[in-house]
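**Q** how would this look folded up:
(one chain, ligands or ions: 1)
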Amino acid sequence: MTWAQKSAANLLPLSVERAQLAVALQEWLYTGDMYDLGTPIETCELCKHPDIRYQFKIINRHNGNEILVGSECINKFRISAIDELGNILGCDESRRRVNRDRRFLVNEARKRHLVNTLVALSAVEENFDINSFISYVLDRDAFTPNQLALLFWRLDQHEIEYSPRDFKLTIRRDREKNQLRQMEDWKLQKLWPSMSTSQHTWVRKHTNFEP
Ligand SMILES: [Zn+2]
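**A** Residues are numbered from 1 along each chain as shown. All right, here's what the predicted structure looks like:
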C-alpha cells in the first residue's frame, strides 16, 4: 500500500466522507494540541509512519473524532490549522503554525535536558550555585562565554554526560564579546558546538581560533 492508500484506510472510517481522501481531509483540523513523548516510540495514526516523538492531534470538525499524527502528515496532506481565536488558517499559515509548534516542543525539550544537566552537577558539587545558573538561563536562554566554559569544565571534571547543543551562548554585549576574544583555544573548542552559525563567523573573524 502506498502512503496515501494507508492514510485513506485509516482516515476514511473516522470521517463523514467515506470515499475520497482529499474530501475527507478537509474535515480535519489541527487545533494546537501537541505532545512530546520524549523518545520516538509512537506511530503516526494517519500514515503509520513509525518513530514519532512529537504528536499533533487532529480533530474532525463534524463528528469530533481525534487522531494523533506527525507534523509531516499535517504538512503533506495540507490539513488546516486554527489560530488562537479558532479561525481556520490558510495553507501557508497552517504550515507555519505546525512548524512553529514543533520548534516550541523541541526547544522545551532542550531546556528541560539542560536544567537536568545542571541539577546533576549541583548534586556532586556543593559550591555550585545551581539556582543562579538556572534562573539566568531561563531568563536569557543562553550563557555568557565565561559561564559556559566554567560549566563545561565542571561537567567534564565530574564526568557528567551532556550535550553541548543543549546549551546556547550569548555574545550580544561587548563584555561577552571580550570574553570570547580573550578565551584560550581549548575553551573555544569546547564552546564551538554550542555556538550558532553567526557566532562561528564572528569567532573566525575576531580570534585566531581554528576549529
Ligand atoms: Zn503520518
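**Q** quick one, what contacts the nearest residue to H113 once chain neighbours are set aside?
**A** Distances taken as C-beta to C-beta, 6 or more residues apart in numbering place D166 nearest to H113, at 5.0 Å, with adjacent residues excluded. Quick note: C-beta positions are derived from backbone N, CA and C, even for glycine. Listed by C-beta atoms under 8 Å, 6 or more residues apart in numbering, the contact set of D166 reads 110-111, 113-114, 117.
**Q** what packs against the lengthiest strand in the chain?
**A** If you go by DSSP state E, the chain has its longest strand at strand 28-36. Judged by 3 or more C-beta pairs under 8 Å, 6 or more residues apart in numbering; DSSP states H and E, strand 28-36 is in contact with strand 54-60, strand 80-81, helix 91-124.
**Q** make CSV from those and add distance to the ion and mean neighbour count to it.
**A** Shown next, in CSV, are those (distance: least, C-beta to the ion, whole Å; neighbours: other C-beta atoms under 10 Å):
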stretch, distance to the ion, mean neighbour count
strand 54-60, 10, 20
strand 80-81, 16, 22
helix 91-124, 12, 15
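**Q** looking at those, which is nearest to L14?
**A** strand 54-60 (6.3 Å; C-beta to C-beta).
**Q** next, the buried residues of the next helix-or-strand element following the closest one.
**A** Downstream of strand 54-60, the first helix or strand assigned by DSSP states H and E is strand 66-69. Of all the residues in strand 66-69, those buried under the rule 16 or more other C-beta atoms under 10 Å are 67-69.
**Q** what of stretch 150-166?
**A** Within stretch 150-166, the residues that count as buried by 16+ other C-beta under 10 Å are 151-152, 155, 162, 166.
**Q** let me see the mean pLDDT of that stretch.
**A** Averaged over stretch 150-166, pLDDT sits at 93.
**Q** start to end distance for it?
**A** Its first and final residues considered, stretch 150-166 spans 16 Å by C-alpha to C-alpha, to the nearest Å.
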